[in-house]
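**Q** just coords:
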C-alpha cells in the first residue's frame, strides 16, 4: 500500500495505489521515468513493484484465455468423436437422428423437400461367417468410402447400425433421392471386391407437402424408408425402392401436381440448397 507521504510525492494526476493499479504497464514506466529524478527511492521501488504485478496479471489473463480456447477446442473435438462411428468414420445413428429432426422441422416450416436413403449390405452375415469379421470390417469401410464419394457435402452420411447405412438428403425430392441411391448401388456393384461381389438393397422415402402431412413425424420418414428397403430385399436385392411405390403413409399421399418444392429440389445440382 502506498503511504500518504508517497501519494503527496507522486504529484498531480497520480492518485496513489488505486490509480496505479488501473494503469497499463507502459504508463507506469512513463510515470517512473517522469518521477525518477525527483522521487525518493522508496516511491520508485513501489512503482516498479506495481508494474511487475501488473505485468504478471496480464500474463495470467493471457494464459487463462489460451486455456479457455484450448478447452473449447477439446470440447468440440469430444462432441465430434461422440458423433462419429469408430469403424467407418461416418456419422453415427445418434447424430443422424438429431440431424433428421432439425432438417425435418426446417423442411416443414419452409416447404422444402427432404429425403432419406437407407440401405443394407446384402448377405453380410454370411460374408462375416465365411471370411471373418476383419474382412467384414474392411468391406464396411470401403462401402462408407463409396457412399461419401456419391454424396454432396451437406448430405449426412451415417452408419445406421451393423451393415446398415443411411443418407439424409436435405433439399432433395423423389427423383433426386432415387438417382443418388442408384448411383451408390451401381458403384458398389462395379467395385472390384477382393473376396466376392458386394451389393446392397436400398429404401428411399421423401417428405411430400400435402394437406394430410400433419400427422407425420421424422420417425415416420425413417420407418417408410426401412419398409421400402426390406421390399428391395424381398424382391431380389441389389435394387432401389421408393416408399411411395410400396407404402401408404400419411406424409406420402400423392400430391397432384407435384409441389413446387419437389420440382425445385429435383433441378440440376447447382440449384439445390446449400448446407442447412
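**A** Now that the structure is in, tell me what you want to look at. Since this is a predicted model, take the numbers as computed values, not measurements.
**Q** Going by residue numbers, what spans are strands in this protein?
**A** Ranges of strands within the chain are 114-121, 156-161, 164-170, 200-206, 240-242, based on DSSP state E.
**Q** Among these, which comes closest to residue 57?
**A** Nearest of the strands of the chain to residue 57, taken as Cβ to Cβ: strand 156-161 at 46.7 Å. All C-beta spots, glycine's among them, are computed from the backbone N, C-alpha and C.
**Q** just to revisit the earlier point, out of the strands of the chain, which gets nearest to residue 177?
**A** Per Cβ to Cβ, nearest to residue 177 of the strands of the chain: strand 114-121, 3.5 Å.
**Q** Give the pairing partners of the closest one; include direction for each.
**A** Paired neighbours of strand 114-121 in the sheet (DSSP bridges): strand 164-170 (antiparallel), strand 200-206 (antiparallel).
**Q** got a list of what residue 191 touches?
**A** Residue 191 is in contact with 142, 146, 198, counting by Cβ atoms under 8 Å, 6 or more residues apart in numbering.
**Q** And for residue 157?
**A** Taking Cβ under 8 Å, 6+ apart, one finds 90, 91, 144, 147, 148, 151, 165, 166, 167 in contact with residue 157.
**Q** Highest mean neighbour count out of the strands paired with strand 114-121?
**A** Most buried of those, by mean neighbour count (mean count of other Cβ atoms under 10 Å): strand 200-206, with a mean of 28.
**Q** ok so, going back, could you save the contacts of residue 191 as TSV and add columns showing pLDDT?
**A** Formatted as TSV, the contacts of residue 191 follow (pLDDT from 0 to 100):
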residue	pLDDT
142	97
146	97
198	97
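**Q** Residue 153 - how many residues pack around it?
**A** 7 (other Cβ atoms under 10 Å).
**Q** Around residue 235, count how many other residues there are.
**A** Residue 235: 11 neighbours (other Cβ under 10 Å).
**Q** So what sits opposite the residue lying closest to it once chain neighbours are set aside in the bridge?
**A** In space, and not counting its chain neighbours, residue 235 is closest to residue 241: 7.6 Å by Cβ to Cβ, 6 or more residues apart in numbering. Beta-bridge partners recorded for residue 241 (DSSP bridges): residue 203.
**Q** ok, residue 241 - contacts?
**A** Residue 241 neighbours (Cβ under 8 Å, 6+ apart): 202, 203, 204, 228, 229, 231, 232, 235.
**Q** Please repeat the previous calculation with a cut-off of 7 Å.
**A** By Cβ atoms under 7 Å, 6 or more residues apart in numbering, residue 241 lies in contact with 202, 203, 228, 231, 232.
**Q** so where's the stretch 101-250 of the chain uncertain?
**A** Across the stretch 101-250 of the chain, the ranges flagged by pLDDT under 70 are 211-215, 247-250.
**Q** Please enumerate the helices of it.
**A** 124-131, 133-150, 174-190, 218-234 (DSSP state H, counting those that start in this stretch).
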